[in-house]
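> Got a predicted structure plus its sequence, pasted below:
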Amino acid sequence: MKKISIILAMSAIVVGLLPSCKKNSSTGTETTHLSTPPYQVGQTIPAGNVAPGNYQGTMTSGNTYMLNGAFIIPKHDTVLIQSGVNVCMQPGSIIIVQGVLISLGTQANPNYIQGCSGSTSVKPLDQIGNNPATDPAWNGGNGDWYGIACDTSCTLLDIQWTHINYVGGTTAVTYPFNNGASGYTGWPIYFQNPNGDCILTDSWIYGCNDDAVRFAGGRIYFARNTLEKLGYTGGDGLNAKNGTQGDMSFNLCIGDATNTTKCSNKGSGGPECNINMYNNTYVNCGYRQAQYIPRGSDIDFEQQGRGTCYNNLIVNCRTGIRIGNGENQIPWPDTNNLFYSNNYVYADSTHEVAQFFDYAAGSGLKGIAYVIPSSGQLNLPKNFYDPTSNPAGDILNLPGTDSIALAGANPPLFKNFPIPEHIPAHGNLSMIASVATGNADGGTPYDFHLQANSPAIGKGTTSFSAFVNITNKVTSDPVYSNAHFGFIVSQPSADIGCYPSTGGGNNH
Amino acid sequence: MKKTSLSPSGFLFIISLLFIANSAFSAAIKGRVKDGKTNETLIGATIYLKEDTKINTSAGLDGSYLLKNVQPGTYTLMVDFFGYASQQRKITIANATDEITEDFGMKPDSLTLQQVQVYGQANQGSDNYARSEEKNSDVVMNIMSAKTIQLLPDYTIGDVLQRVSGVTTQKSVTGGGKFATIRGMDARYNYTTIDGVKVPSPDYKNSYVPMDIFPSEMVERLEVIKTLTPDMEGDAIGGAMNLVLKEAPDNFTLSAEAATGFNQNLYNHGFQTFNTSVINSQSPNQANGSTYNAQAPADFPVAATTIKNESAPPDIFAGFTIGDRFFGGRFGVLASFTYQNTYSYTTGFFISPQSQPNASLTQSNIPIWDYIESREDYVKQTRGGGHVMMDYVFNRKNKITLYNVYAEMTQVEMRITDDTDNAVRGSSLDPGQRFETTYEHIYNVTLKGTDTLAHNLALDWTTAYARAWSVIPDWNDLSLDGYFGSSVIDFGGLTTRWIDNTEQDFSGYANLTYSFPLFGQDIEVKGGAMNRDKSRDAYYAKYDFSTAPPPNQEVYTGMSEIFSNPNYYGFFDRTGSPGSANSYNVQQDITAYYGMLKFSLGPRIQILGGARMENTNEAYQTQESIQIPAAYGTIQYNNLLPSAEIKFKITDKQSLQASYFASLARPSLYDIIPYQLPGDYYTEVGNPELLATQANNYDLRYEFFPSASEEVMAGVFYKQIYNAIEDAIIRGAGPSSIQLKPTNIGGDTNPAINYGFEFQFIKYIHNFGVVANYTYTHSSITVPEQLYNDNPALGGFNTKVVSESRPLQGQADDIANLSLIYKAPKIGLEMQVSGVYTGKEISAVSIWYEMNLWQMPTTTLAFSFEKRLSKKIKLSLYGKINNILNTPMLIEMFPPNEYLNSTKGANLQNWLPNQTNSEGYINSITVEKELYGQSYLMGIRYKF
């Protein structure tokens, strides 16, 4: 009925316009934007306080929903969140998806799913020297709520233009999803169906206490997101395990604790873990991981994981790219099926440079992962690290013993970001401003777009394409075959990082 | 090949030569001294010549005696034995080469009361009584008498059990036996009774009775029963352990003993512990209500996490028994108390396999490792136990017995670890400290009656209340973060738990026996019923303190400093995580009834048959939210258990016995709860969907009792076990975590098979005795296992499911015991060397193909002695040396790939510690090794 009425209305307008052309002598075509009602499934879920229990239906635009306890979407049921919805998660609440969850924020009206203590506009304390223990991003390590936990029966999680903030903490009771026993560490997204689809595009994850996304299987598409302050003292960003295949691209990753994008074939029962990581920008990542180097890398392939790693921009991060070499008994990735090149690393200090992950000749690994600096410039000792003088996570002001001129060399020329970052001696990168969306130092927001003369422009490769293995994406599902929301794939760009000068990358 | 060892016949020949040599030049008098009524040999009876008291001896272990160097003449041969009337006999020796034989059948002292005689209470702790019980029993049974146990080097019943034919024990942290595996069937398939009444378990992690809670001196007899008749509870597939307590004596009895000792490891090393007096017995949540937010340090005393050094304290052992009979023998009472305080120190290491192996194009399931942990355990165990037994004999037809038993054990464990955290060769080295105090108690009161209703109709009944409880208060696990090459250690987290567990049983049993003759045969009909209401209540609270984020990570100097500033730690779950399935209540109601018939076909064949019905009703409630599946539930099932046996008496001393019985093993009340608890190495989870295990058991046994104290037994057994329960390692929350979960194996159609062969031999030659047993067990179950491999045709690294056949967990193929005994009653000396061999067994099952962890064969050796100090006052000195060889407990993995039997494998694990490679080849990977040290004990025993 609705469709018919829309068609009738459109026909009426078109019919109405036809004669006017004749009357009017204006040049050019007139553009008309007609509102269409937001897409809705099932019944409307009443706004306001939402009691724990089973739900299906739609959360409608412009409303605030206060969730308590476990909000459960049963198997075969769907909950749709229209744009401009604020889902306020009370302490200890959790969203459990046994069926399907779709959040359709838009650029103009993004959705928020976040702890109630945060307001709809994030006001983080993004300043140099900020203490993580008092930063509201982590609520002292407690988090505000337990995240979106998808059961093995979840066939689709599709989240667009949505903020997912302040997740963390350990559950004290058992929740009804696989591995939901008490003691579950709240992750913003937990996805564990190798035959399901998990999509996060143009969204934000800010402040979580452990992994941001844990994939124990799934076809995934994670693109154009801002992933900021993930992990408190540990935890990975996008942590893909056995059975997970897909893309992680054009993400802006800032101030994450350990590995930001990771691929490991740990686990069993699904296909081999296979992730394309390309055109991501990583800034100040890896420093809140208290454990030894090389933990705290930004791109991590280990334990029989496979995939690609191209066109990534890594600035002032702890370990950069890490292709596990069997050290520390973390098994090798599937190096026969792992390809990497055209990545770019920059660091302010020689100690950071020394932690660029590299391999000596004879390690059995292919080539050098960086386009800048070039392989000839990287001749530091492999995995230089002296734990006695350099405790984990610490940045030291170097004595001038290191003659390598890479420190401070080849700055990527962001539009607005202070490089060098002027980290105090014995400072700690975990203290550094992390700054995508907030105001740093009271000034304008940082901008990680590249300046026109950035050396990162044009250094990437486009000789490959996105994985895109999503099968249940909303546009192809007959139930959701509606042009109100779509699935936009960003193919690789020749400009390194998530903001290609030609556009088409990260929209934030 | 030339045979160099002496054959048994050759040995006997030499022995007989010695006897001949001794008696060649003068006359000798020999014979045996026995109880005239029961034919029990009377070891230690004094035999002498009235005319020449220098010629004297005492009867040996087989009751035999030999008086040598007797000149021709006429003598009065005298025989004395305590509790018996002395006898004398005139003998005449004609020639110096005469050898005459004089056997004595002694009669009890006339002072012994008539009424008591009826009930035959004397001497039930003797070896001979044990043999005669084994001989006359309807079931297959092995008995250890108090006399045997007294001379054993063991401190607890858990240790004694390993010496019983077909039994192995699962060790506790101190190396002492804790749970028994009977004929390859682990603790879940067996049950424990005290005087036939089932005992609940105080253990918060299972429902098996920890056998190391009972000091070994507590019992009159330990019976291990391996076949069931319908009048016994039907939930044993391996067997039942029955502790028979000392009964009220006929006469005034008093004995006392005290001993001291030490552990070699501690002597070398000193002792570390912590202050247990500051511990709050209740959790903050219990003390202040479930919504209370705990505060540090107020609710978490710092002294409970502070190591205290002490010099190695000595072990102390004491025991006291007193008993008498009053009112003309109608009322008897016995009270017995024991106390043990022991200290031990165990060192070991563990290499943790990662939850998932590696693979290459040519090899599958290549083991890789998470971390290496070195471990020291300082353990103080204090056991106290007592029982008071009272009986009243109304008349010849009616008697009641009331007994109270109490046993407790307090274990204070200080564990100090160092592990390489998450990477075998990583750059961090993390110390850990565990401060754990466990209080375990078992109490049981039983009232029993036997009434002869008519001359051929007897009733016996029992009502019992039993309670077992344990408390683990303020258990602290402290983890610290260290780095190689640095002495700086940061605070890494503290987990504090309070755990309570209580089991209670109310039981009633009634049995009616009716005997009548039919066609000249004795027929016995027996029927009865029992009911037990059992409940279990568990409470679990956990408080986690985590490390603070940089820059607040704090150098660890003690918890007082960490607690001094809230920025130095994170503390999230201040209410102690209530509402989990780890706190629960469960009830079990078992009603059973049975009928059985026993009759003879002629003088040599006895047939016993019948059936037992057991109804099980269980209900549990957890504190879990009802949103969670299996938050509460009920379980109900009935089992009809038929059994039959035929006993064929070949001669009076030999018999052949064939039996069949059906039995079950209920999942323990702990296993059916959906709990989730941390284990030593893996998280352990429950399984409410567990089905009861059912079994068909077949036995064939040959027994030969050459004399009252000797025996030869040989038997075979065969068991089909449906829905066997194994602790399987499963993948837990997330790919990195693995869990241990009890799981049914094989279902209703594919039973596990367990068969074996048992041989027991007890032989005495005058002062020497040999007690030997050997058991071969073979079991097999087929389970699906995972194979991790790299196959490009299948898309690279993948997991394949394959079948693996393996023995049941905890089943050793070969078990052997050998004790050599020397007793010289004349000088009051007894000595014994005891050895135990236990073959290879699976200690932990893996989900990965051929990556199970195996406990390697062990041989342990112990020595003990007792020497009488004075004949007038019965005072003796005794001593024990345990674990003489300091036998290590070794756990090995035999992976199916290049690690095995290759030079490459040897190279691959060169960097793993404590591996032994021979010629560049390896046979297996050592993943755990524990050393317990020798322990010594010396004491004084007094008997009135």
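In hand now; what should we look at?

> Now do the residue nearest to residue B:521 when sequence neighbours are not counted against chain A, distance only.
Leaving aside its sequence neighbours, residue B:521 sits nearest to residue B:600 (C-beta to C-beta, 6 or more residues apart in numbering or on different chains; 4.9 Å). The way it works is simple: take the backbone N, C-alpha and C, and place the C-beta from them, glycine included. Look at residue B:600 and chain A: by C-beta to the nearest C-beta, to the nearest Å, they are 59 Å apart.

> Residue B:600 touches residue B:646, doesn't it?
No: assessed by C-beta atoms under 8 Å, residue B:600 is found out of contact with residue B:646, at 10.8 Å.

> Now the common contact residues for these two.
B:606, B:607 (C-beta atoms under 8 Å, 6 or more residues apart in numbering or on different chains).

> Secondary structure element for the residue nearest to residue B:521, which one?
strand B:584-601 (DSSP states H and E).

> same for that strand, what does it pack against?
In terms of contacts (3 or more C-beta pairs under 8 Å, 6 or more residues apart in numbering or on different chains; DSSP states H and E), strand B:584-601 is packed against strand B:521-547, strand B:605-622.

> Would you enumerate the residues in contact with the residue in the stretch 251-400 of chain B positioned nearest to chain A?
Nearest to chain A, among the residues of the stretch 251-400 of chain B, is residue B:358, at 4.6 Å (C-beta to the nearest C-beta). Counting by C-beta under 8 Å, 6+ apart, residue B:358 touches A:303, A:304, A:331, B:366, B:367, B:368, B:788.

> Nearest residue to residue B:635 in space, please, no chain neighbours.
residue B:618 (4.3 Å).

> Please name the bridge partners of that neighbour.
Beta-bridge partners recorded for residue B:618 (DSSP bridges): residue B:588, residue B:635.

> correct me, but it touches residue B:632?
No: using C-beta under 8 Å, residue B:618 makes no contact with residue B:632, being 11.3 Å away.

> in its sheet, what does the helix or strand where residue B:804 lies sit against?
Following DSSP H and E, one finds residue B:804 within strand B:796-806. Partners of strand B:796-806 in the sheet, by DSSP bridges, are strand B:768-791 (antiparallel).

> next one: the strand it pairs with to chain centre, how far?
20 Å (C-alpha atoms, centre = their mean, to the nearest Å).

> Check which residues of that strand are buried.
Of the residues in strand B:768-791, B:769, B:771-777, B:779, B:781, B:783, B:785-790 count as buried by neighbour count, 16 or more other C-beta atoms under 10 Å in any protein chain shown.

> Rounded mean pLDDT for it, please.
Per-region confidence: strand B:768-791 scores 90 on mean pLDDT.

> Pull it out as CSV, backbone CA atoms only.
Provided in CSV are the C-alpha atoms of strand B:768-791 (Å, rounded to 0.1, in the frame of the first residue of the first chain):
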residue,chain,number,x,y,z
PHE,B,768,58.3,-63.4,56.0
GLY,B,769,55.3,-62.2,54.1
VAL,B,770,54.7,-61.2,50.6
VAL,B,771,51.6,-59.2,49.5
ALA,B,772,51.4,-58.7,45.8
ASN,B,773,48.8,-57.7,43.4
TYR,B,774,48.7,-56.9,39.7
THR,B,775,45.9,-55.5,37.6
TYR,B,776,45.8,-55.1,33.9
THR,B,777,43.1,-52.8,32.6
HIS,B,778,42.2,-52.0,29.0
SER,B,779,39.5,-49.5,28.1
SER,B,780,38.5,-47.9,24.9
ILE,B,781,36.2,-45.2,23.8
THR,B,782,36.0,-43.6,20.4
VAL,B,783,35.5,-39.8,20.3
PRO,B,784,35.6,-37.2,17.6
GLU,B,785,38.7,-35.1,17.7
GLN,B,786,40.0,-32.2,15.6
LEU,B,787,42.9,-32.2,13.2
TYR,B,788,44.3,-28.8,12.2
ASN,B,789,45.9,-28.9,8.8
ASP,B,790,46.9,-26.8,5.9
ASN,B,791,45.3,-28.0,2.7
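
> just to revisit the earlier point, need the contact partners of the strand holding residue B:804.
A:265, A:268-269, A:271-272, A:304, A:306, A:334, A:337, B:359, B:780-791, B:842, B:845, B:849-850, B:852.

> mind checking which helix or strand residue B:160 is in?
helix B:157-161.

> next one: that helix to chain centre, how far?
Helix B:157-161 has its C-alpha centroid displaced from the chain centroid by 5 Å (C-alpha atoms, centre = their mean).

> Need the residues that contact that helix.
In contact with helix B:157-161 (C-beta under 8 Å, 6+ apart) are residues B:144, B:149, B:152-154, B:167, B:169, B:172, B:176-180, B:210-212, B:214-216, B:218-219, B:222, B:224, B:241, B:243.

> model confidence over whichever helix or strand comes after that helix, on average?
Remark: after helix B:157-161, the chain's next helix or strand is strand B:167-171, criterion DSSP H and E. Mean pLDDT, strand B:167-171: 88.

> cool, stretch A:266-279 as well?
On average, stretch A:266-279 scores 90.
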